[in-house]
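J.: got a predicted model here, sequence first, then my questions.
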Amino acid sequence: MRKLAIALAAVGAAATVPAQAATTSGTVDVTLNVDNACSLTTAAIDFGSVSDFTAARTANSLSTLKCTPNAVATVTVSSGANVNGTQRRLKSGANFIDYNITDASNAAWPAAGLSFTGTGADVALGIRGVVPVQTAKPAGAYADQVTITVTY
């Protein structure tokens with residue numbers, strides 16, 4: 001009986017010893033790609049109503065560009081649907097009114113476009129329309145449409 005008690009005590013002691021824990025580890029790669037991206041918000045150039053063309057008339061577009069920080073974008077403005085050579089024109093029936101597109105400093109918008117560097121926030125493009133002094137035009141609703149293209 002004594003042998004049985006010693007054996008049971010030994011088994012009991014072994015059962016109370018905690019088992020050694022094993023561990024293993026590995027790594028997980030965490031990645032994220034930030035793509036260059038731009039979004040464009042366009043707004044009309046509205047010259048309002050005029051009755052004569054003895055003074056130049058300007059109107060701004062509130063168009064904005066938002067690009068990924070440090071993304072370089074080139075913004076071009078098409079010549080419009082009624083261009084004659086390099087002169088943009090508003091049209092009403094068979095009648096035309098000349099106009100130009102300039103930047104915020106009143107310099108002609110270059111055919112090759114203007115360069116912008118993204119900040120992550122909306123940036124005003126500074127697009128202006130200018131109707132220069134010209135001969136009188138018949139009454140009517142004159143319009144044109146230009147396309148702004150952003151290459152990035």
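T.: Sure, I can see it.

J.: how far away is the spatially most central residue of the chain from residue 84?
T.: By Cα atoms, centre = their mean, the chain has its centre lying nearest to residue 39, at 2.4 Å. Applying Cβ to Cβ, to the nearest Å, the value for residue 39 to residue 84 is 33 Å. (C-beta placed from N, C-alpha, C; glycine too.)

J.: same question for residue 146.
T.: With Cβ to Cβ as the criterion, residue 146 and residue 84 are 14 Å apart.

J.: look at these two and report which has more neighbours.
T.: residue 146 (21 against 10; other Cβ atoms under 10 Å).

J.: can you pull out the strands in the protein?
T.: Secondary structure of the chain (DSSP state E): strands located at 38-41, 57-60, 64-67, 72-77, 88-92, 95-102, 114-117, 122-124, 128-131, 148-151.

J.: mind putting these in CSV, distance to residue 140 included?
T.: CSV is the format used below for the strands of the chain (distance: least, Cβ to Cβ, whole Å):
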stretch, distance to residue 140
strand 38-41, 29
strand 57-60, 16
strand 64-67, 31
strand 72-77, 24
strand 88-92, 3
strand 95-102, 6
strand 114-117, 32
strand 122-124, 31
strand 128-131, 14
strand 148-151, 26
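
J.: distance of residue 28 relative to residue 92?
T.: Distance, residue 28 to residue 92, by Cβ to Cβ: 65 Å.

J.: neighbour-wise, which of the two wins?
T.: residue 92 (14 against 4).

J.: the more buried one - nearest residue in space that isn't next to it in sequence?
T.: Leaving aside its chain neighbours, residue 92 sits nearest to residue 140 (3.3 Å; criterion: Cβ to Cβ, 6 or more residues apart in numbering).

J.: pLDDT below threshold where in the protein?
T.: Filtered on pLDDT under 70, the chain yields the residue ranges 1-18.

J.: rerun that using 90 as the cut-off
T.: Residues of the chain meeting the criterion pLDDT under 90: 1-20, 104.

J.: what sits against the closest residue to residue 99 other than its chain neighbours?
T.: Computed as Cβ to Cβ, 6+ apart, the closest residue to residue 99 that is not its neighbour in sequence is residue 131, at 4.9 Å. Residue 131 makes contact with 47, 50, 53, 56-58, 90, 97-99 under the criterion Cβ atoms under 8 Å, 6 or more residues apart in numbering.
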